[in-house]
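> A structural model of the following input is requested.
(chains A and B)
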Amino acid sequence: MNAWRKPGLWLPLVLVLAAGAWPMITGREATREVIFTALMSVALASSLNILLGYTGYVSFGHIVFFGLGAYVGFYMMSALNMPLPVAALAGGLSAGLLAFLLGKAILRLRGAYFALATIGVNEAARAFVNNFHPFGGPIGMRLNFRFYDAYGGAATALWTTFAILVGLTLVLLVVSYLVKYSKFGLSLLAIRENEDAAQVMGVVAPNAKTWAYVISAIFPGIIGVLFFFKNGNIEPTDAFRLHLSIETIVMVMLGGQGTVLGPILGGAGYQRLRGTLLVTPLFKDIQLTVAGILLLAIILFVPAGIVGWLRGRFPMLRRVLE
Amino acid sequence: MIMQVQAISKRFGGLQALSRITIDLPEGQILGLIGPNGAGKTTLFNVINGVYPPEEGEIAFLGKRVTGKPPYHLAKMGMARTHQIVQPLNDLSVRENVMVGACFGRENQGLSQAASTADEVLELVGLGPRRDQLAASLNVAEKKRLELARAVAARPVLLLLDEVLAGLNPSEITAMLTIVRQIRDQGVTIIMIEHVMHAVMNVSDQIMVLDYGVQIAEGTPEQVSKNPKVIEAYLGDPKLAERFTRRPAAEGGPADG
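I've put the predicted structure just below:
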């Protein structure tokens, strides 16, 4: 595979690797936390991009996979005392399985109807977990502090979680690149552009869409487990935050939907902006409003996002930014 | 018989779009499908192609019953089509558009093979120099050729052409007909819907006439153009029909119709 020689692949990887290495070199925990949040956004946006950017399906329920994966993984750690890697994998797979089943049911809907169905799914998942006693119902679950001993104590566990997240983001970007430039990716792009025409040309749209949905769901499932492992406790209101789904859409749109690099710029850029707004007295309570206005502005003025705008403005960048 | 359509009917609410249409299509032929606007020609394509299931009747393709099968199933078996209203994949390049046809059609080609198929087919339809442009940037005549290129890249055994000549000027029509004949000569069976009468009369081996969803005539172009029912229902004026059938000869074109 000569994909490694393409700047479209290694540029995103180098960016993430550099961001990940920085706090590890300086050893500063505050930087690590900032980068952790940014990378989590990058990974959530990148995974949503496979569905939103490549396949053209707007999902308001991306965070369901984050929340559900987190709950499954957390349950395995707190109740069954399973190690983190197993729990993370189980979280990812259960999110993937949910996407597979959901996909069979709601991916036949198109456009606004699909988007509405995904909102319903988000609410349904939260209501389910709220009333599901093994998962602690509305109170949620917490990890015994002793659980972290197996990972060298809580302080070390935080670093380990960070390293896993960096690795996972790298894997996700490689997957995103390979999907985009594969035959499977071509079928997704064809569906995005014109689903009926794609089917006439032989694209088995129901299967392609379902697999795109499954791939885009596995990663948030794993990230959810990492996030709440680090957090120590999990509650329904934290795990299923609908506004996080919307913010993820803003990130994808901001960076450039359908590109590998876009979600990195969008995710990191949005978190940077949000961080600034949260510490500015004037904006700290209305940062979601700013996100809404930002989304509006992107759709009106730069619908292709940062990467799409750069590609259009500077044609020589097309070989580099993909 | 490459395809057998047995008495299919299709209704849209109160409108009987197709009633008991039957086609026996031998291999290697061009079947011209004509009829006034709203006669049900495109609906017939949509039913054959699996876009709509028929309410009655059976369709067999390559000896297998395919009634109600989805379009991608038929595409994989070797049926390709173009659309009357062009359906380009706007944000993909011309080449990628054609690669979709090659990748997911009958031969299920891999990406690199599909790329070379695409280049070859784009040369055939004369879009070679445009291959790296976005499909959205093509003009209508080029988009029609793109439709054809995508369908041909699938290496189909049966090709459904829905008004590929509409909107083209006379020299473009001549060029397009040459391409259609070349495709036929490669052994591809073709059904073409066409309003450009002298062209369809000229290129078809058989003609079928639809009017209000009813099959009112079929036969060679010669027979059909002399059929009084056709003249009455479709052409209106018998002398006009005569002129259409004579015109290619008068232009010095090949008179194989």
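> other SSEs contacting the helix or strand encompassing A:F227?
A:F227 belongs to helix A:205-231 when assigned by DSSP states H and E. With contacts defined as 3 or more CB pairs under 8 Å, 6 or more residues apart in numbering or on different chains; DSSP states H and E, the packing partners of helix A:205-231 are helix A:29-49, helix A:62-78, helix A:84-106, helix A:153-180, helix A:183-193, helix A:195-200, helix A:236-239. Glycine gets a C-beta too; all of them are placed from N, C-alpha and C.
> from those, which stretch is densest packed?
helix A:62-78 (a mean of 27; mean count of other CB atoms under 10 Å in any protein chain shown).
> residue contacts, residue 51?
The chain I'm using is chain A. A:Y57, A:S59, A:H62, A:A212, A:Y213, A:S216 (CB atoms under 8 Å, 6 or more residues apart in numbering or on different chains).
> meant chain B, my bad for not saying
Here B:V51 is in contact with A:D196, A:V200, B:F45, B:P71 (CB under 8 Å, 6+ apart).
> The first one contacts B:Q87, correct?
Same thing as A:D196. Yes. A:D196 sits in contact with B:Q87 when judged by CB atoms under 8 Å, with a separation of 7.0 Å.
> before we move on, the earlier item: who does the helix or strand that comes right after the helix holding A:F227 pair up with?
For helix A:205-231, the following helix or strand on the C-terminal side (DSSP H and E) is strand A:233-234. Take DSSP bridges as the rule and strand A:233-234 pairs in its sheet with strand A:141-142 (antiparallel).
> and B:R247, what pLDDT?
Looking at B:R247, its pLDDT reads 57.
> helices or strands up against the lowest-mean-pLDDT helix or strand in chain A?
Here the helix or strand of chain A ranked lowest by mean pLDDT, DSSP states H and E is helix A:287-301, holding a mean of 84. Packing partners of helix A:287-301 (3+ CB pairs under 8 Å, 6+ apart): helix A:242-255, helix A:262-279.
> Need the winner for burial among those helices.
It is helix A:242-255: most buried of the helices and strands packed on helix A:287-301 by mean count of other CB under 10 Å, with a mean of 23.
> what does that one rub up against?
With CB under 8 Å, 6+ apart as the criterion, helix A:242-255 contacts A:41, A:44-45, A:48-49, A:52-53, A:58-64, A:66, A:118-119, A:122-123, A:261-267, A:269-270, A:274, A:288, A:291, A:294-295, A:298-299, A:303, A:305-307.
> Which residue, other than its chain neighbours, is closest to the residue of the stretch 151-257 of chain B found nearest chain A?
Relative to chain A, the nearest point of the stretch 151-257 of chain B is B:A154 (6.6 Å; CB to the nearest CB). Spatially, and ignoring its direct neighbours in sequence, B:A154 is nearest to B:G105 (2.5 Å; CB to CB, 6 or more residues apart in numbering or on different chains).
> Tell me the predicted confidence for the one you found.
The predicted local confidence for B:G105 is 93.
> what's the burial count for it?
28 (other CB atoms under 10 Å in any protein chain shown).
> B:V152 is in contact with that one, correct?
No. Judged on CB under 8 Å, B:G105 makes no contact with B:V152 at a distance of 9.4 Å.
> Need the residues touching each of those two.
Common neighbours of B:G105 and B:V152 (CB under 8 Å, 6+ apart) are B:A80.
> which residues are there in chain A that come within reach of chain B?
A:182-183, A:186-187, A:189-190, A:192-194, A:196-205, A:258 (CB under 8 Å from any CB of the partner chain).
> Any chance of TSV for the helices and strands packed on helix A:287-301, columns mean pLDDT?
Shown next, in TSV, are the helices and strands packed on helix A:287-301 (pLDDT from 0 to 100):
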stretch	mean pLDDT
helix A:242-255	91
helix A:262-279	91
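> So which of these is nearest B:Q215?
In terms of CB to CB, the element of the helices and strands packed on helix A:287-301 nearest to B:Q215 is helix A:242-255, at 51.1 Å.
> Tabulate the CA atom coordinates of the closest one in CSV.
Output of helix A:242-255 as CSV, limited to C-alpha atoms (Å, rounded to 0.1, in the frame of the first residue of the first chain):
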residue,chain,number,x,y,z
LEU,A,242,-27.7,15.5,23.1
HIS,A,243,-25.9,18.9,22.8
LEU,A,244,-22.6,17.0,22.5
SER,A,245,-24.1,15.3,19.4
ILE,A,246,-24.8,18.7,17.9
GLU,A,247,-21.4,20.1,18.9
THR,A,248,-19.9,17.1,17.1
ILE,A,249,-21.8,18.0,13.9
VAL,A,250,-20.5,21.6,14.3
MET,A,251,-17.0,20.3,14.5
VAL,A,252,-17.3,18.2,11.4
MET,A,253,-18.9,21.0,9.4
LEU,A,254,-16.3,23.5,10.7
GLY,A,255,-13.3,21.4,9.7
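> That one to helix A:287-301, inter-axis angle?
Counting by axes from the mean of the first three to the mean of the last three CA atoms, to 10 degrees, helix A:242-255 lies at 40 degrees to helix A:287-301.
> Nearest spatial neighbour of the residue of chain A most remote from its centre, chain-adjacent residues omitted?
Centroid-distance maximum for chain A: A:V200 at 31.8 Å, with CA atoms, centre = their mean. Excluding the flanking residues, the one nearest A:V200 by CB to CB, 6+ apart is B:P71, at 4.7 Å.
> A:A198 too?
In space, and not counting its chain neighbours, A:A198 is closest to A:A190: 3.8 Å by CB to CB, 6+ apart.
> if I read this right, that neighbour contacts A:A197, doesn't it?
Yes. The criterion here is CB under 8 Å, and A:A190 meets it with A:A197 at 7.4 Å.
> Give the residues shared as contacts by these two.
In contact with both A:A190 and A:A197: B:L89, using CB under 8 Å, 6+ apart.
> so who does residue 78 touch?
I'll assume chain A. A:M141, A:R142, A:L143, A:N144, A:F147.
> should've been chain B
B:L62, B:G105, B:R106, B:A154, B:R155, B:P156, B:V157, B:L158.
> List just the nearest of those to A:A95.
B:G105 (34.0 Å).
> For that closest one, what are phi and psi?
phi -80, psi -160 (degrees, to the nearest 10).
> what about A:A21, how many neighbours?
Around A:A21 there are 12 residues (other CB under 10 Å).
> And it, how far from chain B?
34 Å (CB to the nearest CB, to the nearest Å).
> That residue is in what secondary structure piece?
helix A:7-26.
> re earlier: how near is the residue nearest to A:A198 to B:L158?
21 Å (CB to CB, to the nearest Å).
> quick one: pLDDT of the residue nearest to B:N46 when sequence neighbours are not counted?
Leaving out its chain neighbours, the residue that sits closest to B:N46 by CB to CB, 6+ apart is B:Y52, at 5.0 Å. With respect to pLDDT, B:Y52 scores 92.
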